[in-house]
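# Coordinates for the following, if possible.
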Amino acid sequence: MYFIGELKGSNPDLKISLYKWNAKFFVKFETPDLEQVYKFAEMDVSEDTVREFVNDDFIQKVIKRFQEMYQDIGEMY
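So this is what the prediction gives:
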């Protein structure tokens with residue numbers, strides 16, 4: 001997997017990385033304990049399109065999912 005770089009919106013609590021591998025772009029969102037990965041076919045989108053897609057509105061949705069994931073983990077204990 002080829003690391004392209006960190007995307008706008010990364011911070012100490014949420015790292016957003018862009019990768020390329022096997023004709024796909026991977027956008028990886030990471031917190032200290034969890035991660036979410038979104039895959040986009042290179043035939044369908046360009047790197048610029050992926051960067052535009054990861055905007056503030058989308059990041060807020062990802063954060064909400066992380067909150068739900070942490071809540072799910074909390075219910076397990």
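# got the buried residues for the longest helix along the chain?
Ordering each helix of the chain by length in residues (DSSP state H) puts helix 56-76 first. For helix 56-76, the neighbour count (16 or more other Cβ atoms under 10 Å) marks 59, 62, 66 as buried. The C-beta positions use only the backbone N, C-alpha and C, and glycine is treated the same way.
# for it, packing partners?
Helices and strands touching helix 56-76, by 3 or more Cβ pairs under 8 Å, 6 or more residues apart in numbering; DSSP states H and E, are strand 24-30, strand 35-41.
# Using TSV, please lay out these together with mean pLDDT and mean neighbour count.
Formatted as TSV, the helices and strands packed on helix 56-76 follow (pLDDT from 0 to 100; neighbours: other Cβ atoms under 10 Å):
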stretch	mean pLDDT	mean neighbour count
strand 24-30	98	19
strand 35-41	98	13
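# and Asp48, which of those strands is closest to it?
Asp48 sits nearest to strand 24-30 of all these, at 10.6 Å, using Cβ to Cβ.
# could the buried residues of helix 56-76 be laid out in TSV, adding pLDDT and distance to Glu35?
Output for the buried residues of helix 56-76, formatted as TSV (pLDDT from 0 to 100; distance: Cβ to Cβ, whole Å):
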residue	pLDDT	distance to Glu35
Ile59	96	14
Val62	97	10
Phe66	97	9
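# For Pro32, state which of those residues is nearest.
Phe66 (10.6 Å).
# could I have stretch 4-20 exported to PDB, CA atoms only?
Presented in PDB, the C-alpha positions along stretch 4-20 are these (Å, rounded to 0.1, in the frame of the first residue of the first chain):
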ATOM      1  CA  ILE A   4       0.000   9.500  -0.400                       C
ATOM      2  CA  GLY A   5      -0.400  11.700   2.700                       C
ATOM      3  CA  GLU A   6      -2.500  13.100   5.500                       C
ATOM      4  CA  LEU A   7      -5.700  14.900   4.600                       C
ATOM      5  CA  LYS A   8      -7.000  18.200   5.800                       C
ATOM      6  CA  GLY A   9      -9.000  17.700   9.000                       C
ATOM      7  CA  SER A  10      -6.400  15.500  10.700                       C
ATOM      8  CA  ASN A  11      -5.800  16.400  14.300                       C
ATOM      9  CA  PRO A  12      -4.400  14.600  17.400                       C
ATOM     10  CA  ASP A  13      -7.700  12.800  18.000                       C
ATOM     11  CA  LEU A  14      -8.500  11.900  14.400                       C
ATOM     12  CA  LYS A  15      -5.800  11.000  11.800                       C
ATOM     13  CA  ILE A  16      -7.000  11.000   8.200                       C
ATOM     14  CA  SER A  17      -4.700   9.300   5.700                       C
ATOM     15  CA  LEU A  18      -4.900   8.700   1.900                       C
ATOM     16  CA  TYR A  19      -3.400   5.600   0.400                       C
ATOM     17  CA  LYS A  20      -3.300   4.000  -3.000                       C
END
